[in-house]
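> here you go, sequence then predicted model.
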Amino acid sequence: MGQVAKGTLRTPPMVKGLPFVGSMLAWRRDHLGVFLRAYRQHGPIFGIRLGPMKGVVLIGPRYHDFYFREVDRTLLVPQLYRFVIPMFGDVMMAAADQQRRRRHVALLQSAFQGGQLAHYTETMVKEVDSWLDTLGDSGQFELWDAIEPLVMRIAASALLGPEIRTRVDQFRPLLTDLARGMEFVLPPNLPLPKFFRRDRARRQLSEMLRPVLDERRRGHGRHSDFLQTLVDHESLRAEGTEVQIGMALCTIFTGYITTAAQACWTLVQLLRHPRHLTSVVDELAEGHIDLHTDPNASLSRMHSLGWAFKESLRLRPVMGHYARVNARDYEIDGFHVPRGWTTMLCPGVAHRLPEVFTDPERYDPERFSPKRAEDKQHPHALIGFSGGFYRCPGQAFGTNEVKILLGALLSRYDLAPLASEPKPDFELGVTRPRSPCVIRYRRRRS
């Protein structure tokens, strides 16, 4: 793997597609299906066209090493993330200046560790308790319609503080309009209705956050949320209010939408596999789990639920792909990949390789137990949270949130099995279970 003189090797075999648009229409309907079929036909390296964009897809841990190692060298980040600038501005992954971009990401990494993470955990427990208290003794709920707003309330409370938490019913639909305006392939400034709604939502969200930031800077009260971290950070203060707003919106958006989707998949797959659900429920009952007295110690004892979360991350990763733009030509296993192409990874295909995961199509959370630890055989076997320097800073936050939410729900209620798995939905930029998916529950007797 490395640089190569242009023209000496052939480019990767291309997925057959339509004139001008390539595989874009099929890809919009079913990301994973397109990549899976291409892998089975062409192997671990293949080319694909998505509208005006041409790219190469690399499948497998060895190629993941190359991808994460070459980011900010052969593979560039901000050129691809220009599509989020209308949503969040020139911040974090979209920041053109490498030092500034890495400084933003490092700030996020420090904000989700140690005592700060412990504080967030307490907030999660309170919000989940409030939701469970509304369920009564028995009933049913639509999965996404229940979990998505709950995770939004957690994110608002933990990350943006009481000022936004009290207005979350106004904040949440605006963030949804922002999400629906995400566009990976088409130019983000086309005169499309979804882009008009995106831009209006961005203005209104900024109007909500700006006075809160002004009040925080005046020092009226102390807070322990992420917004206060942005206010107190010296170099970020120098970059101005708009940068702080962009980072706040980007963090809460990526944190809440991905966590909500992965929580839903984790519950769906447990309800499709009663034996593993029983293991989780038994461990919760017998493991001295007390999220109110000692939440962090209790989280560390939720082994079976943690394995189930990882297995959902393996089989149903909410990110359909990762992508970077090639700064220069490179050679990889006999293929020439041109400058200007996009290099992509697909977690959903890579997580199904039999040389990495035993019987990969089978749902088997115990593959992540210490005895087997299949994800530890290679550092980039499981890439549901990406990898390298730009690995998701909120991994521990999201993992704890799913364990608290589902642990509390399954401790209190018996849930009816699901007869079938819902189809995936890609509308909001992540892969989530399509509605309707009705969950029926009954309070468990002590």
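Received it, and whenever you're ready, just let me know what you need.
> look up which helix or strand Asn400 falls in, please.
Per DSSP states H and E, Asn400 falls inside helix 395-412.
> that helix: what's the following helix or strand?
strand 413-415.
> quick one: contacts of the very next helix or strand once past that following strand?
For strand 413-415, the following helix or strand on the C-terminal side (DSSP H and E) is strand 424-425. By CB atoms under 8 Å, 6 or more residues apart in numbering, the list of residues contacting strand 424-425 from outside reads 30, 32, 316, 431-435. Every C-beta, even on glycine, is put in place using the N, C-alpha and C of the backbone.
> and strand 424-425, which strands flank it?
Using DSSP bridges, strand 424-425 pairs in its sheet with strand 432-433 (antiparallel).
> so, low pLDDT: which residues of this structure?
Applying pLDDT under 70 to the chain picks out residues 1-7, 220-221, 446.
> if we can go back for a sec, which ones among the contacts of strand 424-425 lie within strands?
432-433 (DSSP state E).
> where's Lys54, which helix or strand?
Assigned by DSSP H and E, Lys54 belongs to strand 53-58.
> after that strand, heading C-terminal, what element do we hit next?
Once the chain leaves strand 53-58, the next helix or strand it forms, by DSSP H and E, is helix 61-70.
> for the helix holding Asn400, packing partners?
helix 114-132, helix 143-155, helix 241-271, helix 274-286, helix 295-300, helix 303-315 (3 or more CB pairs under 8 Å, 6 or more residues apart in numbering; DSSP states H and E).
> 10 Å - rerun?
Secondary structure elements in contact with helix 395-412, counted by 3 or more CB pairs under 10 Å, 6 or more residues apart in numbering; DSSP states H and E, are helix 114-132, helix 143-155, helix 241-271, helix 274-286, helix 295-300, helix 303-315, strand 438-443.
> got the angle for the longest one vs helix 143-155?
Using axes from the mean of the first three to the mean of the last three CA atoms, to 10 degrees, the inter-axis angle of helix 241-271 relative to helix 143-155 is 140 degrees.
> save the contacts of strand 424-425 as TSV, and put in neighbour count and distance to Asp232 too.
Shown next, in TSV, are these (neighbours: other CB atoms under 10 Å; distance: CB to CB, whole Å):
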residue	neighbour count	distance to Asp232
Asp30	16	44
Leu32	20	41
Arg316	24	37
Thr431	23	35
Arg432	28	34
Pro433	22	38
Arg434	14	41
Ser435	13	40
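> give me every residue that touches the residue nearest to Gln98 when sequence neighbours are not counted.
In space, and not counting its chain neighbours, Gln98 is closest to Asp72: 5.9 Å by CB to CB, 6 or more residues apart in numbering. Neighbouring residues of Asp72 by CB atoms under 10 Å, 6 or more residues apart in numbering: 78, 98, 101-102, 324, 327, 388-390.
> how about Thr241?
206, 209-210, 213-214, 217, 230-231.
> what about His303, how many neighbours?
17 (other CB atoms under 10 Å).
> wait, it sits on Ile289?
No. The pair His303 / Ile289 is not scored as a contact, 11.0 Å apart, by CB atoms under 10 Å.
> joint contacts of the two?
Glu283.
> now do Ser138 against Trp307, distance only.
29 Å (CB to CB, to the nearest Å).
> between the two, which has more neighbouring residues?
Trp307 (20 against 11).
> buried ones in stretch 372-388, by neighbour count?
Applying a neighbour-count criterion of 16 or more other CB atoms under 10 Å, one finds 374-375, 380-388 buried in stretch 372-388.
> my error: substitute stretch 61-79 in the last question.
Of the residues in stretch 61-79, 61, 63-68, 70-72, 74-78 count as buried by neighbour count, 16+ other CB under 10 Å.
> now the terminal residues of that stretch, how far apart.
24 Å (CA to CA, to the nearest Å).
> next one: it to chain centre, how far?
19 Å (CA atoms, centre = their mean, to the nearest Å).
> equivalent analysis for stretch 293-313, please.
The answer for stretch 293-313 is 18 Å, by CA atoms, centre = their mean.
> pull out the buried positions in that stretch.
For stretch 293-313, by 16+ other CB under 10 Å, it's 295, 298-299, 301-313.
> which one of those sits closest to Trp131?
Pro295 (16.2 Å; CB to CB).
> next up, the contacts around the residue nearest to that closest one when sequence neighbours are not counted.
Using CB to CB, 6+ apart and skipping residues adjacent in sequence, the residue nearest Pro295 is Thr121, 5.0 Å away. Contacts for Thr121 (CB under 10 Å, 6+ apart) come out as 158, 291, 295-296, 298-299, 396-397, 400-401, 403-404.
> centroid-nearest residue for this structure?
Thr258 (3.6 Å; CA atoms, centre = their mean).
> contact partners for that one?
151, 317-319, 384-385, 392, 394, 398, 428-432.
> Arg180 is nearest to which of the helices and strands packed on helix 395-412?
Nearest of the helices and strands packed on helix 395-412 (CB to CB): helix 241-271, 11.0 Å.
> centre of the chain to that closest one, how far?
With CA atoms, centre = their mean, you get 6 Å for helix 241-271.
> do stretch 197-212 as well
The chain centroid and the centroid of stretch 197-212 are separated by 23 Å under CA atoms, centre = their mean.
> can I get that stretch in CSV? Just the C-alpha atoms.
Extracted C-alpha coordinates of stretch 197-212, given in CSV (Å, rounded to 0.1, in the frame of the first residue of the first chain):
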residue,chain,number,x,y,z
ARG,A,197,-35.9,23.9,6.0
ARG,A,198,-32.4,23.0,7.1
ASP,A,199,-31.3,26.6,6.8
ARG,A,200,-34.3,27.9,8.7
ALA,A,201,-33.8,25.4,11.4
ARG,A,202,-30.1,26.4,11.7
ARG,A,203,-31.1,30.1,12.2
GLN,A,204,-33.7,29.3,14.8
LEU,A,205,-31.4,27.0,16.7
SER,A,206,-28.8,29.6,16.8
GLU,A,207,-31.3,32.2,18.1
MET,A,208,-32.1,29.7,21.0
LEU,A,209,-28.4,29.1,21.9
ARG,A,210,-26.9,32.6,21.5
PRO,A,211,-28.5,34.2,24.6
VAL,A,212,-27.7,31.1,26.7
